[in-house]
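> Turn this into a structure:
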Amino acid sequence: MATTKNLPLNTPVIARVLGPFERFVARESSSGIVLLTCALVALAWANSPWTASYEAIQHAPLSLAVGSWRAEMSVLHLINDGLMAVFFFVVGLEIKRETLVGEMA
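So this is what the prediction gives:
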């Protein structure tokens, strides 16, 4: 895989900009690095003098409206009800894959 330094001069700018990002995403450990970094930032922010802004963001209302249908919840409820459900679904799929064809087979 070519690095940004080895790209020809006529390579589009978007390819030069997205190249490092694509290599980072292709690495298996990149999702863990992002998750750990976000957790550390949130932990530091929640225990800093700016705790009030952290809690204000958690309780900020979010809404989605399509026609007459409307859903409204706070960021904290979105994380707890939506994103955590998706997270555990993906973890369950990964455990199933490892059990059937991976290291745990």
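> alpha carbons only for contacts and neighbour counts from here, please
Noted.
> mind giving me the domain ranges of the protein?
What automatic domain parsing lists as the domains of the chain is 1-58, 61-105.
> What average pLDDT does the shortest one get?
I take that to be domain 61-105. Along domain 61-105, the predicted confidence averages to a pLDDT of 92.
> Ends of it, what's the gap?
Taking CA to CA, to the nearest Å as the measure, domain 61-105 stretches 45 Å from start to finish.
> can you list the domains of the chain in CSV and add mean neighbour count?
As requested, those are arranged in CSV below (neighbours: other CA atoms under 10 Å):
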stretch, mean neighbour count
domain 1-58, 11
domain 61-105, 12
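> tell me which element residue 9 is part of?
Element membership of residue 9 [criterion: DSSP states H and E] is none; it lies in no helix or strand.
> Sorry, slip of the keys, the one I care about is residue 71.
Element membership of residue 71, judged by DSSP H and E, is strand 69-74.
> quick one: the strands in this structure?
With DSSP state E as the criterion, the chain has strands at 61-66, 69-74.
> nearest to residue 25, of those strands?
Counting by CA to CA, residue 25 lies closest to strand 61-66 out of the strands of the chain; the figure is 28.9 Å.
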